[in-house]
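Novice: have a look; sequence and predicted model below, questions after that.
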Amino acid sequence: MSIQQNEFPNLPQRLKGLGFLAENLWWSWNPSARMLFKMLDRQLWKESRHNPDKMLKELPAEVLAAVTGDADYLCHYDGVMSQFTQYMEQKGCPLLNNSTDSSQPGIAYFSAEYGLHRSLPFYAGGLGFLAGDHLKECSDLNVPLVAVGFMYPQGYLHQKIREDGWQDNISETLEREAAPISRVLNPDGNQLIVKIPLIEPNIQVAVWQVSVGRVSLYLMDTDIEMNDPWNRTISARLYTGDLEQRLRQEIVLGIGGAEVLENLGISHFALHLNEGHAAFALLEQVRDRINEGMRYSDALTWVKETSIFTTHTPVPAGHDVFPFHLMEKYFHTYWAALGMDRDTFLKLGIHPDHPEAGFNMTAFAMGIANHRNAVSKRHGEVSRKMWRTLWPDSDEAEVCIDYITNGVHVPTWIEPKMKLLFDKHLGPGWLDNHDNPVIWEMIEKIPDEELWKTHRWLKVKLIDAIRERSRGRWVNDRANPSIVLAGGALLDPSVLTFGFARRFATYKRADLIFYDWDRLRGLLNDRWRPTQIIFAGKAHPADDPGKQTLQRVFNACRNPDLGGRIAFVEDYGEQLAQYLVHGVDVWLNNPIPPMEASGTSGMKAAINGVPQLSILDGWWMEAYNGKNGWALGHEEIDGNRDQTDAAELYRILEEEIIPLYYRVSDEGIPHEWVRAMKEAIKSTAAQFSARRMVKEYTAKFYSAALKSV
């Protein structure tokens, strides 16, 4: 098999490497590589939304030709290309005894979504960015991993807020020729098309590839002419609300994904499922082993020993359960191929507490994969309690669900100016060893003035970006003035700024801060010590309660009583997330515990020196040390806890956070606040890095699973 990359005929021979670089997302987590594109045309780089594929296609050939005479640019170009070449040519994975021979088995990572870059809108939220960071870190560590997912032509959704504050969902078709995505070609030179086995009516997928450093991500697309019209829409968009269509998506993702790898010559691998959406890949692994001559019982044992399942969902309603009649409709030929009857097959996905509910994808994955994990210590406790009846003879503490706390890809989420500060004070090679906590003790060497100046610059950058978005709504959409003001036009970079950005689901309680309106109004409008809050996030298209919460928040943002101190920024995505986690002063998070499995946005903020104000749940239970931020929700409360948590939230704001922020030296430096910033960085950068996370997956699961392949 081969791939057909985008072509850039306007590139002169001397700069042909830019085309190869644009097609590999390695550039997205290397500032020197991004600067190569930015130096060509800063305005076009901005207009392309930092998408080199789109930018290179729009640059006139004469502009590119002129660059070949710029000695400084060519020097930078040669340095970056040399760095990229050396990176791609590295061999061996020390974590796996330096064996990355393509003839040896590796890991196949399946996920319904991937958050890699804004030019590839294949994500809805934290699960996708966790998957994207996982791939990037596996690339950096040269872990022999291949990934599988969907190429969603309509992405997830764009968000626009109506005059009544309701979220409208806007679809935008992916411009495939202006994104770092390549067709996978068969030996005849045509795009590889793979038929989903044993599923009727017939479904076929076209295969695409994204290069994530040294990791290949293969994406499936059902929007091809040879599919029936109702099958062409299976991969149209992420997380459809239609139950049967969702089942068809998960069939294609799991069974189809495994079949794609088979067609690519990758047939024996350890399988890592990122949530239950792709769990049907386990069935295809069993069927492949049976086709090789194994008995069903031996094939099942093989799959158990070679499969890893990661659960992210502590909420029972968040696990997919499909009615038995739909399972019969699509799997009546499949279970026969496994040598099973209907009842035996369906029992694979039955939850003992709710046997009549249907085929539970998480119960199925838990029962098949012997390597299982939650995504934080607290989530591990919740998961063992939630799923203990799958192992009725075991005590809760003995339930075999381990935990590996999520982490973030540090090179992606460290802001370049913050990286320059770290380069100056942490010593050479800090980034290569950033999971070593000792390195981060060097943060103490950074003068308070330098760290504060860098943070202030990032805060101004954030608020400038928000104001520019508001201007765009006013100029391009002729939006109602109240919408423009609610979008952040009145934000002030000198004011203590909180950030709240995540999916708008009711359990995340975005509106908790509004519990006592008069008290909040006093905090926001204080003459000498004002505060402001920036909200961002999308509600799921089918989640009306989430949309109602968003509507309440948005309408509060345009209430004159709050003085323009609250903003809701539309269409939250990767680019806005970068601005927010770098630029706010405090990251706010107040879900109902224990419903936060882990959380990663707070980690991204913390490594950039942004302390947390968070409920003690998810990752914050492991991270909070009394010096790196603030915590609430210490008490376990039965029933509605909004009043108690809101009271504690206001108390912390009034008595601790606001006084600390505004306590400044004669030079204008809030030294005690900078102390909290340094502690946030020191306590999170190593422990909550994707590097630590991937090393744990390798030590706990990958090594053992690969020995059984």
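Specialist: Looks like it arrived, so ask away.
Novice: convert the C-alpha atoms of stretch 355-366 to CSV, please.
Specialist: Output in CSV follows, covering the C-alpha atoms of stretch 355-366 (Å, rounded to 0.1, in the frame of the first residue of the first chain):
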residue,chain,number,x,y,z
PRO,A,355,-30.0,-7.8,31.9
GLU,A,356,-33.1,-6.6,30.1
ALA,A,357,-31.6,-3.3,29.0
GLY,A,358,-29.7,-4.5,26.0
PHE,A,359,-26.2,-5.1,24.8
ASN,A,360,-23.9,-2.9,27.0
MET,A,361,-20.7,-2.0,25.1
THR,A,362,-18.7,-1.3,28.3
ALA,A,363,-19.8,-4.5,30.0
PHE,A,364,-18.8,-6.3,26.8
ALA,A,365,-15.4,-4.7,26.7
MET,A,366,-14.8,-5.2,30.4
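Novice: point out the other helices and strands that the worst-scoring helix or strand of the chain on mean pLDDT packs with.
Specialist: In the chain, no helix or strand scores lower on mean pLDDT, DSSP states H and E than strand 2-4, which sits at a mean of 84. The helices and strands touching strand 2-4, judged by 3 or more CB pairs under 8 Å, 6 or more residues apart in numbering; DSSP states H and E, are strand 182-185. C-beta coordinates here come from the backbone N, C-alpha and C atoms, glycine included.
Novice: next one: the one helix or strand V438 maps to to chain centre, how far?
Specialist: Here V438 sits within helix 437-440, counting by DSSP states H and E. Chain-centre distance of helix 437-440: 25 Å, with CA atoms, centre = their mean, to the nearest Å.
Novice: likewise stretch 593-608?
Specialist: Taking mean C-alpha positions (CA atoms, centre = their mean), stretch 593-608 and its chain are 12 Å apart.
Novice: ditto for stretch 369-389
Specialist: 21 Å.
Novice: what about it, start to end distance?
Specialist: Distance across stretch 369-389, first residue to last, is 16 Å (CA to CA, to the nearest Å).
Novice: quick revisit: which other helices and strands contact the helix holding V438?
Specialist: helix 671-684.
Novice: report the buried residues of the helix it packs on.
Specialist: By 16 or more other CB atoms under 10 Å, the buried positions in helix 671-684 come out as 673-674, 676-684.
Novice: nearest to H158, of those residues?
Specialist: T684 (31.4 Å; CB to CB).
Novice: in this structure, which residue is closest to the centre?
Specialist: When CA atoms, centre = their mean is applied to the chain, the residue found nearest the centroid is F129 (1.0 Å).
Novice: wait, isn't it in contact with R118?
Specialist: No: contact between F129 and R118 fails when scored by CB atoms under 8 Å: they sit 11.6 Å apart.
Novice: what residues are shared contacts of those two?
Specialist: E574 (CB atoms under 8 Å, 6 or more residues apart in numbering).
Novice: how about the residue nearest to the centre of the chain: what's its closest non-neighbour residue?
Specialist: Spatially, and ignoring its direct neighbours in sequence, F129 is nearest to G115 (3.5 Å; CB to CB, 6 or more residues apart in numbering).
Novice: tell me the mean pLDDT over the strand ranked longest in the chain?
Specialist: Identified as the longest strand of the chain according to DSSP state E is strand 204-212. Average pLDDT, strand 204-212: 97.
Novice: buried set for it?
Specialist: 204-212.
Novice: determine which two of those residues are furthest apart.
Specialist: Q204 and V212 (25.3 Å).
Novice: sorry, back to before: so which elements touch the longest strand of the chain?
Specialist: So strand 204-212, by 3+ CB pairs under 8 Å, 6+ apart, packs with helix 126-140, strand 182-185, strand 193-195, strand 215-221, helix 257-263.
Novice: now with 6 Å?
Specialist: Helices and strands touching strand 204-212, by 3 or more CB pairs under 6 Å, 6 or more residues apart in numbering; DSSP states H and E, are strand 182-185, strand 193-195, strand 215-221.
Novice: which of those strands is buried the deepest?
Specialist: Ranked by mean neighbour count, those are led by strand 215-221 with a mean of 24 (mean count of other CB atoms under 10 Å).
Novice: what angle separates that one from strand 204-212?
Specialist: 150 degrees (axes from the mean of the first three to the mean of the last three CA atoms, to 10 degrees).
Novice: the next helix or strand after strand 215-221: which residues count as buried?
Specialist: Counting by DSSP H and E, the next helix or strand C-terminal to strand 215-221 is helix 229-232. Residues 231-232 are the ones in helix 229-232 that count as buried (16+ other CB under 10 Å).
Novice: dump the C-alpha coordinates for helix 229-232 into PDB.
Specialist: The C-alpha trace of helix 229-232 is given here as PDB (Å, rounded to 0.1, in the frame of the first residue of the first chain):
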ATOM      1  CA  PRO A 229     -27.400   6.500   0.400                       C
ATOM      2  CA  TRP A 230     -28.300   5.500   3.900                       C
ATOM      3  CA  ASN A 231     -24.900   4.000   4.500                       C
ATOM      4  CA  ARG A 232     -23.000   7.000   3.100                       C
END
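Novice: now it, how far from the chain's geometric center?
Specialist: 28 Å.
Novice: any residues touching that helix, and which ones?
Specialist: Defining contact as CB atoms under 6 Å, 6 or more residues apart in numbering, one finds that helix 229-232 is touched by 203, 222-223.
Novice: stretch 442-460 too?
Specialist: For stretch 442-460, with CB under 6 Å, 6+ apart as the criterion, the contacting residues are 415, 417, 421, 425-426, 493, 582-583, 609, 669, 671, 674, 678, 681-682.
Novice: make CSV out of the helices and strands packed on strand 204-212 and add distance to D464.
Specialist: CSV is the format used below for these (distance: least, CB to CB, whole Å):
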stretch, distance to D464
strand 182-185, 35
strand 193-195, 47
strand 215-221, 34
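Novice: looking at the longest helix along the chain now, give me its mean pLDDT.
Specialist: If you go by DSSP state H, the chain has its longest helix at helix 448-477. Here helix 448-477 scores 94 as its mean pLDDT.
Novice: quick check: what element follows it along the chain?
Specialist: Sequence order places helix 481-484 as the next helix or strand after helix 448-477, per DSSP H and E.
Novice: the following helix or strand past that next one - contacts with which helices or strands?
Specialist: Scanning forward in sequence from helix 481-484 by DSSP H and E, the next helix or strand is strand 496-501. Packing partners of strand 496-501 (3+ CB pairs under 6 Å, 6+ apart): strand 531-536, strand 586-589.
Novice: thanks a lot, see you next time.
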